[in-house]
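Q: what follows is a predicted structure for the sequence shown.
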Amino acid sequence: MPAGADPTAGMWFDAATNTGITLTFLDGDNAEAVRITGLDTVAKTINGCFWSNHVATRRSSRAAPLPTGSCAEPAERLAQRIGRQSSEAVRRHQRDGKMMYIEYVCDNGDIGGLTPSFNLYRNVMSFDTLATAKPVINNSMILLSNVHPNPPDASGVARPCFQYQWTTLTVQGAPFTFVLDVAVTLTVWTQSLDPITKQYQTETKALLNVSPRNVFFAWELAGMGYTDHVQSTPGSVSSLLAVTSTP
């Protein structure tokens, strides 16, 4: 770690639920995974239940997977949402290294609410960003423009931008929703009308079976009973999930 760096950066602990990050201490035969039971970001100290003594210079890492690495809103919450979000239109996950919270918003006009922008957005922030400080969606976050409703399925309903396959398991007494597969479907229009047909040309592309490896690994560990290696969800991430993003 560079001189002057914060040794507690990227860690979390929620006293209300007594849940915190699990750290793996890389110490040869004394290596172990420890879930912290206290965090002081001012004094730069942590508490935990250790089985072994560790040399002060030994390295530690967050070497346990996050079950909430990709979060889909349950479909039953769709009716309660306002604006351009839906269970199909928003995808969120974290990444290794400096953990980030990333939100994709597909505002293609089939969600309802305010006038759509017909853009796909990517909003990136630190995982411990306060919900009140969550960046507002703006044009600098546009990944793709001219995004319009997808073709309808057999029932006549437009296919969503994002579809999820998930399963729920209980890990250390708490239910976790593991998103094991994501399907992405996007339809774009040309910038101008076709000079002959006087219609916009459209093209639909689908990327199926996107499996978040970190989440899949956590699901496998939980299924085998190795729940001490499955990370808890940071409280800041739960707060960010509850905040609606509207372009």
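A: Nice, I can see it.

Q: may I have the biggest strand by length in the chain exported as PDB, CA atoms only?
A: Secondary structure assigned by DSSP state E gives strand 174-189 as the longest strand of the chain. Extracted as PDB, the C-alpha positions of strand 174-189 are listed here (Å, rounded to 0.1, in the frame of the first residue of the first chain):
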ATOM      1  CA  ALA A 174     -30.100 -13.500   5.500                       C
ATOM      2  CA  PRO A 175     -31.800 -14.100   2.100                       C
ATOM      3  CA  PHE A 176     -29.700 -13.100  -0.900                       C
ATOM      4  CA  THR A 177     -30.800 -12.800  -4.500                       C
ATOM      5  CA  PHE A 178     -28.100 -14.100  -6.800                       C
ATOM      6  CA  VAL A 179     -28.500 -12.800 -10.400                       C
ATOM      7  CA  LEU A 180     -26.900 -15.600 -12.400                       C
ATOM      8  CA  ASP A 181     -27.700 -14.500 -15.900                       C
ATOM      9  CA  VAL A 182     -28.400 -11.200 -17.700                       C
ATOM     10  CA  ALA A 183     -29.800 -10.900 -21.300                       C
ATOM     11  CA  VAL A 184     -29.400  -7.500 -23.000                       C
ATOM     12  CA  THR A 185     -31.700  -6.500 -25.900                       C
ATOM     13  CA  LEU A 186     -31.400  -3.100 -27.600                       C
ATOM     14  CA  THR A 187     -33.100  -1.600 -30.700                       C
ATOM     15  CA  VAL A 188     -31.700   1.500 -32.400                       C
ATOM     16  CA  TRP A 189     -33.000   3.700 -35.200                       C
END
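
Q: quick check: domain ranges of this structure?
A: Per automatic domain parsing, the domain ranges recorded for the chain read 13-61, 70-241.

Q: in this protein, which helix or strand is least confident?
A: Of all the helices and strands that make up the chain, strand 90-93 has the lowest average by mean pLDDT, DSSP states H and E, namely a mean of 54.

Q: tell me the first helix or strand C-terminal of that strand.
A: Stepping forward along the backbone from strand 90-93, the first helix or strand reached (DSSP states H and E) is strand 100-107.

Q: partner strands of that following strand and their direction?
A: Based on DSSP bridges, the pairing partners of strand 100-107 within the sheet are strand 90-93 (antiparallel), strand 119-126 (antiparallel).

Q: list the buried ones in the last one?
A: Neighbour counts using 16 or more other C-beta atoms under 10 Å place 119-121, 123, 125 of strand 119-126 among the buried residues. The C-beta positions use only the backbone N, C-alpha and C, and glycine is treated the same way.

Q: what residues does it touch?
A: Under the criterion C-beta atoms under 8 Å, 6 or more residues apart in numbering, residues 98-108, 134-135, 137, 141-145, 147, 161, 186, 240, 245, 247 lie in contact with strand 119-126.

Q: got a list of what the residue in the chain sticking out farthest from the centre touches?
A: Distance from the C-alpha centroid of the chain, by C-alpha atoms, centre = their mean, peaks at residue 196 (44.2 Å). Shown here is residue 196, which makes no contacts under the criterion C-beta under 8 Å, 6+ apart.

Q: give the contact list for residue 209.
A: The contact partners of residue 209, taken as C-beta under 8 Å, 6+ apart, are 181, 183.

Q: run the last query once more with 7 Å
A: Remark: with contacts taken as C-beta atoms under 7 Å, 6 or more residues apart in numbering, residue 209 is in contact with residue 181.

Q: okay, now the unreliable bits of the chain?
A: Counting by pLDDT under 70, the low-confidence segments of the chain come to 1-5, 56-98, 111-114.
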